[in-house]
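A.B. asks: Prediction below, plus the sequence it came from.
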Amino acid sequence: MKQFCLLLYLSIIFSSCSNYKEVKIDGELKKWHRVTLNFEGPLTSEMDHNNPFLNYRLDVTFKNGEETFVIPGFYAANGNAANTSSDSGSIWQVRFTPNTLGEWTYTVSFKEGENVAIAEDITNASSAGFMDGQEGSFMITESDKTGIDNRVKGKLQYVGESYLKFADNQKYFIKLGVDAPENLLAYADFDVSTNALGFKKTWEPHAKDFDETASPYLWQETKGKNLLGAINYLASEDLNVFSFLTFNVDGDDRNVFPHLLKVPIEEYETYASVKKNKEAWETMFHKTRFDVSKLDQWERIFEYAETKGMFLHFKTHETETDHLMDFGVFGVEGKLYYRELIARFGHHLVMNWNLGEENNQPIEEVKKVVNYVSKLDAYNTHLVIHTFPNQDYRYAELIGNQSQLTGASLQLSHPEFDDVHPRVLKWRMKSNATGKKWALAVDEPGKANIALLPDDEDPEHNFARGRAMYGTLMAGGYGVEWYFGYASPNSDLTCQDFRSRDLFWDQNKHALEFFNNYIPFWDMEPKDDLITSEAIAYCFAKVDEVYTIYVEAKADKVTLDLGNSGKTFDIKWFDPRNGGSLQKGSITSVKATGVVDLGAPPSLSEEEDWIIICDTKLH
């Protein structure tokens, strides 16, 4: 009898293994391109009694030589949910971005059991059958993409330095773009789009910016056009980053969430439209079930942004939400939320995970989240957190080997941006001192109610340009994202028109041109102590080779200590207001014999800012 049972068991296993359904592979089989494996698993639905998000777990191990990636998969309904809005089906997907040419093999793990999706150890988990144990392979060839497409450059990586670096072209990255609106994904074209506080967006002003090359990223024939147009507009202005919350239930907007509602949209909108009502998460959501079609539609937007050279700033919580899941103690709800985000979007090349905007959770809970995300994300994506301007002391418990964070997303508060430069210097110095340099970005400069004003209120943007943008970059920060304030037209919540700051975007473009074309910024350090000036000024240098000085006014009153190497330095000037090529001033070269006068700029107005570059290689 025992022999019969064993033979029957082996027969079932053999039968199962020999009857795997063929894997459907979508995407271009090229390096740095998204490759999607579609498996046929159990027929189920978003609301099945056996929760497909929590009680099944799909992981696929990809190998190529010494490269190994374990990538979490997800329930995909019918596999085309963006177009069909389907909430049921038998398709399970894994999205993978290969970093190496040649043959990749894959091995599938598909398990089932209570809460298995978030289990720390699945060694003894039960097989869910279907594709569990399935193996296969595919070949990856070179990318054929050109221009600003991220697939030309490869994965943007934290490499233990102050700047992130592209894996393929080995170039270092500076980001300049928008931090607003935080509710960018509160978009009418997404499924189950709500309008709790009147902030739902159509992005209609950017309808004219839609380019037909974005047509493959539409869903349901015409949906998505205006938001795709908005992203195309940002790229046309040479901006390279935008940010967005992925969960703001009970927060400032209340219309962005990946989870399923328990109640009709109208009931949720009525409740959430009263600002004092902040129990929606506890009463109106399925906390461990997700809207597959909405998330598939989000991916269309992110996928298009990849082709436009965009850095995707995923802000996973805001201060009103970081205590909602599991009542603020990292548990089932939080773990599943991050697993779904990483499984569905972690393959993107140029991005960061921000674990909380204005986060003020207990540090021990923050560390639990950091540890979980860093282990689950096989791509080791840049991992940051953001906190209140007056609570930056919290970073002291996270720098160095105290956490797996690789940087900070800094928020400031001075109306004229005076606090930006010293704050970046502070955390650069403190993190560097630990032996693990953080990559720092200023992602919310300015006073909360005004921040970056629209062009019609501040057409020149002098303080934003000088004290915030150059204040960050000349302190060794790797970028700035512009917060729009809550009291302005096209605000942090109401913005639907990025042209409201159109005049300022050219100034960002000029900064990127200067840093990317004229100086080896990745090898330079803040050296403000080497200069004297009658106005605000910053110095950024590779000592004895190249010095860059930003001066806000009285540009003819700057001196620089070049040391005593005796080297000859050419002096050129760059106009941060109008851009263009380097220009000659009244003094064209100096010798390194201590403190030197740098002369006057090409045109002298005491109120104009300039950038001075002293370089041994310009001549």
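C.D. replies: Happy to help now that I have it. Bear in mind that the values here come from a model prediction, so they are computed numbers and not experimental data.
A.B. asks: Low-confidence regions, the protein specifically.
C.D. replies: Applying pLDDT under 70 to the chain flags the ranges 1-18, 619.
A.B. asks: Let me see the contact set for the residue nearest to Glu552 when sequence neighbours are not counted.
C.D. replies: Closest residue in space to Glu552, ignoring its immediate chain neighbours: Ile536 at 4.2 Å, by Cβ to Cβ, 6 or more residues apart in numbering. All C-beta spots, glycine's among them, are computed from the backbone N, C-alpha and C. Neighbouring residues of Ile536 by Cβ atoms under 8 Å, 6 or more residues apart in numbering: 466-467, 551-553.
A.B. asks: Can you tell me which of those residues comes closest to Lys278?
C.D. replies: Arg467 (36.2 Å; Cβ to Cβ).
A.B. asks: neighbours around that closest one, how many?
C.D. replies: 25 (other Cβ atoms under 10 Å).
A.B. asks: Lys437 too?
C.D. replies: As a measure of burial, Lys437 has 21 neighbours, counting by other Cβ under 10 Å.
A.B. asks: Quick check: closest non-adjacent residue to it.
C.D. replies: In space, and not counting its chain neighbours, Lys437 is closest to Ser162: 5.2 Å by Cβ to Cβ, 6+ apart.
A.B. asks: Please report how far that neighbour lies from Phe521.
C.D. replies: 9 Å (Cβ to Cβ, to the nearest Å).
A.B. asks: quick revisit: ramachandran angles for the residue nearest to Lys437?
C.D. replies: When quoted as degrees, to the nearest 10, the phi and psi of Ser162 stand at phi -70, psi -10.
A.B. asks: check contacts around it.
C.D. replies: Residues near Ser162 by Cβ under 8 Å, 6+ apart: 428, 432, 437-440, 476, 478, 522.
A.B. asks: just checking, which of the contacts of Ile536 belong to strands?
C.D. replies: Val551 (DSSP state E).
A.B. asks: In JSON lines, list the contacts of Ile536 along with distance to Phe515.
C.D. replies: Shown next, in JSON lines, are these (distance: Cβ to Cβ, whole Å):
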{"residue": "Gly466", "distance to Phe515": "15"}
{"residue": "Arg467", "distance to Phe515": "17"}
{"residue": "Val551", "distance to Phe515": "17"}
{"residue": "Glu552", "distance to Phe515": "18"}
{"residue": "Ala553", "distance to Phe515": "22"}
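A.B. asks: what about the residue nearest to Lys437, distance to Gly477?
C.D. replies: Distance, Ser162 to Gly477, using Cβ to Cβ: 8 Å.
A.B. asks: who touches both of the two?
C.D. replies: With Cβ under 8 Å, 6+ apart as the test, Ser162 and Gly477 both reach 428, 440.
A.B. asks: which residue ranges form the helices in the stretch 1-150 of the chain?
C.D. replies: 2-18, 81-84 (DSSP state H, counting those that start in this stretch).
A.B. asks: what residues does the last one touch?
C.D. replies: If I follow you right, that is helix 81-84. Applying Cβ under 8 Å, 6+ apart, the external contacts of helix 81-84 come out as 77-78, 87, 89, 219-220, 292-293, 296-297, 299-300.
A.B. asks: Which PyMOL command selects the buried ones in those residues?
C.D. replies: The PyMOL command for the buried members of the contacts of helix 81-84 (criterion: 16 or more other Cβ atoms under 10 Å) is given here:
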select buried, resi 77+78+87+89+219+292+293+296+297+299+300
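A.B. asks: just the contacts of helix 81-84 now: which is nearest Asp168?
C.D. replies: Glu299 (22.7 Å).
A.B. asks: Hmm, Arg344 and the closest one touching each other?
C.D. replies: Yes - in terms of Cβ atoms under 8 Å, Glu299 counts as a neighbour of Arg344; the distance is 6.4 Å.
A.B. asks: and the protein, what are its domains?
C.D. replies: The domain map for the chain lists 19-140, 179-429+438-507, 524-615, with the assignment taken from automatic domain parsing.
A.B. asks: Let's have those in CSV, adding distance to Asn516.
C.D. replies: Shown next, in CSV, are these (distance: least, Cβ to Cβ, whole Å):
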stretch, distance to Asn516
domain 19-140, 21
domain 179-429+438-507, 10
domain 524-615, 12
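A.B. asks: And the ones you listed: which comes nearest Tyr158?
C.D. replies: Among the domains of the chain, the nearest to Tyr158 by Cβ to Cβ is domain 179-429+438-507 (4.1 Å).
A.B. asks: what's the first-to-last distance across the closest one?
C.D. replies: 17 Å (Cα to Cα, to the nearest Å).
A.B. asks: And for stretch 280-291?
C.D. replies: Taking Cα to Cα, stretch 280-291 runs 17 Å from one end to the other.
A.B. asks: same check, this time on stretch 180-200
C.D. replies: First-to-last residue span, stretch 180-200, Cα to Cα: 14 Å.
A.B. asks: buried sites along it?
C.D. replies: Applying a neighbour-count criterion of 16+ other Cβ under 10 Å, one finds 180-191, 193-197, 199-200 buried in stretch 180-200.
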